[in-house]
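1. Take a look and give me a structure for this.
(chains A, B and C)
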Amino acid sequence: MAQRVLIVDDALFMRNLLRDIFTSAGWEVVGEAADGIEALQKYKDAHPDLVTMDIVMPERSGIEALQDILAFDPQAVVIMCSALGQESMVLEAIQHGARDFIAKPFQQEQVFEVVARVCG
Amino acid sequence: MDMSKYKAMFLTEAREHLQKMAALLVEVERDPQNRGGIDALFREAHSIKGMAASMGYQQTADLAHHLEDSLDLFRQQGEITPEAIDRLLAGADLIESLLADIDAGREERNVASFCSGEFSVKEISELPPTEAGSVPEELTLQISLQLHDKVASPAARLLVIAKQLTKFGNVLSCEPSEEQILRGGNVRQLVVIIQTRLSETEIKSSFADYSEVSRLDIETPQPKSEVTSIAGGATVRVGTDLLDRFISLTGELITNRYMLQSAAGDKDWDSLKDGLGRLGRLVKDLHHQVLQVRMMPIDTVTGRLPRLVRDLARRSAKDVRLELEGTGIELDRAILEELADPLIHMVRNAIDHGIDKQGTITVRAWRQRDQVMLQVADNGRGMDPALLRRSAVEKGLIGPGQAEVMRDYDALQLVCLPGFSTASQLTATSGRGVGMDVVKAAVEKLGGVLNIDAAPGRGTRFTLKLPLSVAIIKVLLLNVANKQVALPITRVLQTIEVERNQIQASGKQRVFSFNEELLPLVSLRKILALAMPKAVERVAVVITEVLGRKIGLVVDDFAGQSEVFVQALPSPIDRLRGLSGGTILGDGRIVFILDIQGLLERKR
Amino acid sequence: MALLLPFMLGDERYGLKLTDIQEVIEEAVPHYLPAAPAEIIAAVNVHGRILPVLDLPLFLGFPPANLSDRMIVLAQRDFPMVLAVDQLEPLLSVDLEQTILTQSDAPQDCISGVLNWQGQMISLLDLEQLHKAVQENCFVPGGGHGSARTDRR
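-> Numbering: from 1, shown residues only, chains lettered A, B, ... in the order given. Modelled structure (predicted):
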């Protein structure tokens, strides 16, 4: 059975890029969310194996959404998607329970190295 | 990094933690549900573990970790069992032995067998049993890794890795620490000491898919090889307020120097005099502050008493309470070191000979003007002067006539005679080790006084009257005409041996060449009006300074250096010129400290 | 009645009241005291205190003595001194009021009186005088060591 991923990013371009990367590797993308509130909702609906979480988003930020999801499911596997200059936020996210992070701009291999580690 | 210089500091701190642990255990034993106490115990064990691991003392770290684990369980249960107390105390003893190993530069003894012993606690035995043999032995490994230069957000990467490592086992230390990593920045190296059942290969393979890691080394941390004698000196921790005062004093001294310089330049004698007066005050203040650095609270030596009392009381099946009062009072470090053993002996005596079945030992300290009083009192059976007199006569320590005229107070002091013991037989605890004679000698060596008062049935009190601080200086011991004298090391520029043929005559004066300078030779025998020696091929010479001039002081030979307590001399010999004090060496010998300048001036 | 410790200086018998004595050291170990006047012959360790030893026969002008290793530690606070004497004798119980025969008129003798004890003459050592004499004769700055003692040889 294919592994299932929820993609959270406010930029359509990034969502599309990640969708391509995951589907090409045989993953099932069970949902996409454009903000933190939507992220928790979709997580509750789909119970994915993995969440990719953008950090800076409208409404609730990625870190807040991370905490919401972990509060709902402490076993949730969330990896953060960070951009340059967001190190302090990444550190905070990891402190709060994010399993790992991928730094933008990213390549397929990098994404899957991280995904393999957290889902392996 | 060279860790050896931290060794002394580690030992001091670890022993402090250990002492607190022992005291806490005794406390918790009386009140097994003392949550605060159990929490504190856990923290002490944790501290020892962390320090030992970062120093690379694996056995110590393992053992402390083992104790920490079991304490964690008790912490969750909110209660501790009596059996567990015994075992924890045994563990604390074992750590003490490990520290002794480390101190002596030996390899740490192995603690695996202790750690594999079960804690006799129900909850623990209900834990899933480990299949003997099939579980790999837990090892302590040091994992060092480095990130590639191009890794984005390296701090975050290290944090992820550090968190990952905690899943492999028990992380004993992490460098940089998590707090340091959280500050971010360009951190690319991580050294973690971990206790794990995973093998080296297993750990390496789990890092195979971390392309961010450029280097990964796994090794068994080795106790750092010791260069024991180098440090030699003990370490002292200094409060920052004291350091601040040093800094402000230094500032004042600098100001003072400028003032003196300008006064000298202007030939302004009044300002010069003012400045010198000020300098005198500053130097005196500095001296006072430096002495402060040496002060330590008494509980550095009373800290181990609760444990001792508990063990001894148990062994002799007595119910003994220990009360400590005033242990925050400070004394010179050197005095405290000398007091440690005598204190233990007095407490042992109280349990063995003072208290019958049940009683209280009170150890209290208080200030009395410029002295510190330290008292060990028990409410036991006391001592009977008549009995002591008779016993001393029977042992032939005093004559019957002497005994007859002896006051009660003096009869009590008889217990300080070598070879005196009031107990009909020596017990295992106080039969060995130091006797009261040694206690008395130790106190007196410090310039203190030991008072004993007791009454039959009303307990015994040993009261030590101690100086707050002692003048401790390093001296060079010199032999001259079969006698020994000492020179403060600060007065010794160098010690050399001079060949006979290097000595020339210059008028009435003998001189020799030292560093291309002709120095007069002065015979110490001659100055002290002692018999002159036969001519020898080479003479031992101390280069010292008198009135700003170097001279060579001829002695018979050097007898080594020693750190001594200087006693002020009593009247009238305090008026003798040429003596700056006296000291009693460890073997009871008196050696006087010479003031060469004073001696030479006296001759004129 | 008072207890008296008699001791010999040369062939004369002296005595000290027991209340003036802190203790008698049985086997005193003398240690070298440098730069001291001739009469101060050593220092001894008395319970950790460094005390000087006064050669009492020498100081009082007796012929060279065969000093006993039993020494007398004085109880005086302002005169912490150990006295070396020729020989200590057993304690005597005497009635000082009754037995003092003469009042000394030569203060430098350091004698406060002479008592007759069963026909024997015992000179009572006057510690106050002794203290003063030691100060004046041994410790006067620049005064050298010339002692003002009477020569009994």
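2. low-confidence ranges in chain A?
-> A:1, A:120 (pLDDT under 70).
3. May I see the buried residues of the lengthiest helix in chain C?
-> Determined from DSSP state H, the single longest helix within chain C is helix C:127-138. Judged by neighbour count (16 or more other Cβ atoms under 10 Å in any protein chain shown), helix C:127-138 contains these buried residues: C:127, C:129-131, C:133-134, C:137-138. Backbone N, C-alpha and C define where each C-beta goes, glycine included.
4. Using CSV, list the CA coordinates for that helix.
-> Presented in CSV, the C-alpha positions along helix C:127-138 are these (Å, rounded to 0.1, in the frame of the first residue of the first chain):
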residue,chain,number,x,y,z
LEU,C,127,58.5,34.2,89.3
GLU,C,128,57.7,37.9,89.1
GLN,C,129,61.4,38.7,89.8
LEU,C,130,62.5,35.9,87.4
HIS,C,131,60.3,37.3,84.7
LYS,C,132,61.7,40.7,85.1
ALA,C,133,65.3,39.5,85.3
VAL,C,134,64.9,37.4,82.1
GLN,C,135,63.4,40.4,80.3
GLU,C,136,66.2,42.7,81.5
ASN,C,137,69.1,40.4,81.1
CYS,C,138,68.3,38.4,78.0
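5. Who are the packing partners of that helix?
-> Here helix C:127-138 touches helix C:56-59, going by 3 or more Cβ pairs under 8 Å, 6 or more residues apart in numbering or on different chains; DSSP states H and E.
6. what's around the closest residue to chain C within chain A, how many residues?
-> Proximity of chain A to chain C (Cβ to the nearest Cβ) peaks at A:Gln95, 61.8 Å away. Neighbourhood size, A:Gln95 [other Cβ atoms under 10 Å in any protein chain shown]: 15.
7. So for the residue lying closest to it once chain neighbours are set aside, what pLDDT did the model give?
-> Of all residues not flanking A:Gln95 in the chain, B:Leu182 sits nearest, at 6.9 Å (Cβ to Cβ, 6 or more residues apart in numbering or on different chains). Reported pLDDT at B:Leu182 in the predicted model: 84.
8. again, but for the one 5 residues further on
-> B:Val187 carries a pLDDT value of 83.
9. who does the spatially most central residue of chain A bridge with?
-> In chain A, the centroid-proximal residue (Cα atoms, centre = their mean) is A:Thr52; its distance is 1.1 Å. Beta-bridge partners for A:Thr52, by DSSP bridges, are A:Ile7, A:Ile79.
10. re earlier: measure how far the longest helix of chain C is from the centre of its chain, please.
-> Distance of helix C:127-138 from the chain centroid (Cα atoms, centre = their mean, to the nearest Å) equals 11 Å.
11. just stretch B:75-91 next, same as before
-> For stretch B:75-91, the distance to the chain centre is 29 Å (Cα atoms, centre = their mean).
12. Would you mark the buried spots in it?
-> B:75, B:80-81, B:84-85, B:87-89, B:91.
13. which ones among those residues are found in helices?
-> B:75, B:84-85, B:87-89, B:91.
14. before we move on, back to that, looking at the buried residues of stretch B:75-91, which is nearest chain C?
-> Looking at these and their distance to chain C, the nearest is B:Leu89, at 36.4 Å (Cβ to the nearest Cβ).
15. Spit out the contact partners of the residue nearest to the closest one when sequence neighbours are not counted.
-> Leaving aside its chain neighbours, B:Leu89 sits nearest to B:Leu25 (5.6 Å; criterion: Cβ to Cβ, 6+ apart). B:Leu25 is in contact with B:41, B:85, B:88-89, B:92, B:307, counting by Cβ atoms under 8 Å, 6 or more residues apart in numbering or on different chains.
16. Now flag whichever of these is closest to chain A.
-> The closest of those to chain A turns out to be B:Leu41 (Cβ to the nearest Cβ; 28.5 Å).
17. State the distance from that closest one to chain C.
-> Distance of B:Leu41 to chain C, computed by Cβ to the nearest Cβ, to the nearest Å: 41 Å.
18. surely that residue meets B:Asp72?
-> No. Contact criterion Cβ atoms under 8 Å: B:Leu41 and B:Asp72 do not qualify, at 10.1 Å.
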